[in-house]
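Peer 1: Structure for this input, please:
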Amino acid sequence: MALNRKTFFITGVSSGFGHAFSRRFLAAGHTVVGTLRRPEDAAGFEGLAEGTSGRAVSRLLDVTEDDAVLATVADVEHAVGPIDVVIANAGYGHEGVFEESPMRELRRQFDVNVFGAVATLKAALPFMRERRRGHLMAVTSMAGLMTVPGLTYYHGSKYALEGVMDSLAKEVRELGIRVTAIAPGSFRTDWAGRSMVRTDRTIPDYDTVMNPQREHRLAANGKQLGDPDKAAEAVLTVIDSPEPPVHLVLGSDALRLITGGRKALDEEIARWADLSRSTDFADGMQIR
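Peer 2: Here you go, the predicted model:
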């Protein structure tokens, strides 16, 4: 069977998932337009282009600049061709206790992880809507479906993006556009290393809950369970599926932690269900 070649637009391809996705998709015969923030990062991406007959295309882009995102996507549609799959991958992690972490770090976390991802998806959506086809994807995290101490800002950004993706999927499904939030567990990328911003510890009251978390994360860096190349293969499987999931969980650790977290939440909701029902008007309307 002939390969159904696709054009991917992936943000943040200098390392991590973006780099692994690009490498695998190019090897499979697809075209990849990858964005990078710094000219010096382009060399690593261009190294993937050998033997691809021009199927690897780089673009410099800071996803926090809305106008630049719109212009870049429009340029790719004109110069390269119709984008079949967008993967809003650019992002980073912030580690820090809620009380200790400054507000500027929260704003920066949302600026990149939420607003940058949304801007990327919004830029591509009109073209896909006109064609009545396409696949919008974003790399969220298991941290958007469960929580641990010390990642409060990161969890907030990923929960926000998971919510955006879930609602968006319902809005565009009848237009022939598919939506998938990719929620990886712990993978061997730079997320817990040079890509992570860490707020300094200042309040001893949090030592017991925070210090073991930070120490474990640092010790596990480079030894994580997840293989980025296998994640790329899983994403290809989903893209080829006639009914792709809205939420794609990757990694057995993510499955375990998300399932455990949701079970605890369901049990808590059930314990307080009678009180929840007690706040209704007798003649009120149920929302749909």
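
Peer 1: Run through the residues that contact the nearest residue to A169 once chain neighbours are set aside.
Peer 2: Using CB to CB, 6 or more residues apart in numbering and skipping the chain neighbours, the partner closest in space to A169 is V179 (3.7 Å). Where you see a C-beta, it was placed from the backbone N, CA and C, and this is true even at glycine. The contact partners of V179, taken as CB atoms under 8 Å, 6 or more residues apart in numbering, are 135-137, 165, 168-169, 172-173, 246.

Peer 1: Ok, A234 next?
Peer 2: By CB under 8 Å, 6+ apart, the neighbours of A234 are 248, 250.

Peer 1: Flag the shaky bits of the protein, pLDDT-wise.
Peer 2: Along the chain, the model assigns pLDDT under 70 to residues 1-3, 49-53, 191-193.

Peer 1: Quick one: the strands in it, in order.
Peer 2: Remark: strands assigned in the chain by DSSP state E are 7-11, 31-36, 56-60, 85-88, 94-95, 134-139, 177-184, 197-198, 247-250.

Peer 1: Give me the number of neighbouring residues for the spatially closest residue to D229 that is not a sequence neighbour.
Peer 2: The shortest distance from D229 to any non-neighbouring residue, by CB to CB, 6+ apart, is to A20 (5.6 Å). Counted with other CB atoms under 10 Å, residues neighbouring A20 total 23.

Peer 1: Who are the contact partners of A20?
Peer 2: A20 sits next to 189, 228-229, 231-232 when contact means CB under 8 Å, 6+ apart.

Peer 1: Nearest to V73 among these?
Peer 2: Nearest to V73 among the contacts of A20 is A232, at 22.1 Å by CB to CB.

Peer 1: So which residues of the stretch 101-250 of the chain form helices?
Peer 2: Here the stretch 101-250 of the chain has its helices, by DSSP state H, counting those that start in this stretch, at 103-110, 117-131, 152-172, 207-220, 228-239.

Peer 1: Figure out which of these is closest to T31.
Peer 2: helix 228-239 (13.6 Å).

Peer 1: Let's see the closest one as CSV, backbone CA atoms only.
Peer 2: What follows is helix 228-239 as a C-alpha-only set of coordinates in CSV (Å, rounded to 0.1, in the frame of the first residue of the first chain):
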residue,chain,number,x,y,z
PRO,A,228,10.9,9.1,23.0
ASP,A,229,11.3,7.1,19.8
LYS,A,230,8.5,4.7,20.9
ALA,A,231,6.4,7.7,21.8
ALA,A,232,6.9,9.0,18.2
GLU,A,233,5.8,5.6,16.9
ALA,A,234,2.7,5.7,19.1
VAL,A,235,1.8,9.1,17.7
LEU,A,236,2.0,7.8,14.1
THR,A,237,-0.3,4.9,15.1
VAL,A,238,-2.8,7.4,16.4
ILE,A,239,-2.6,9.7,13.4
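
Peer 1: Going forward, count from 618.
Peer 2: Done: numbering now begins at 618, and the last item shifts to helix 845-856.

Peer 1: For it, buried residues please.
Peer 2: Buried residues in helix 845-856, counted by 16 or more other CB atoms under 10 Å: 845, 848-849, 851-853, 855-856.

Peer 1: What angle do strand 794-801 and that helix make with each other?
Peer 2: Inter-element angle recorded for helix 845-856 and strand 794-801: 160 degrees (by axes from the mean of the first three to the mean of the last three CA atoms, to 10 degrees).

Peer 1: what's the angle between helix 845-856 and strand 751-756?
Peer 2: Going by the same axes, to 10 degrees, helix 845-856 makes 150 degrees with strand 751-756.

Peer 1: rewinding a little: with distance to F898 as added columns, please give the buried residues of helix 845-856 in TSV.
Peer 2: Formatted as TSV, these follow (distance: CB to CB, whole Å):
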residue	distance to F898
P845	51
A848	48
A849	51
A851	47
V852	46
L853	50
V855	43
I856	46
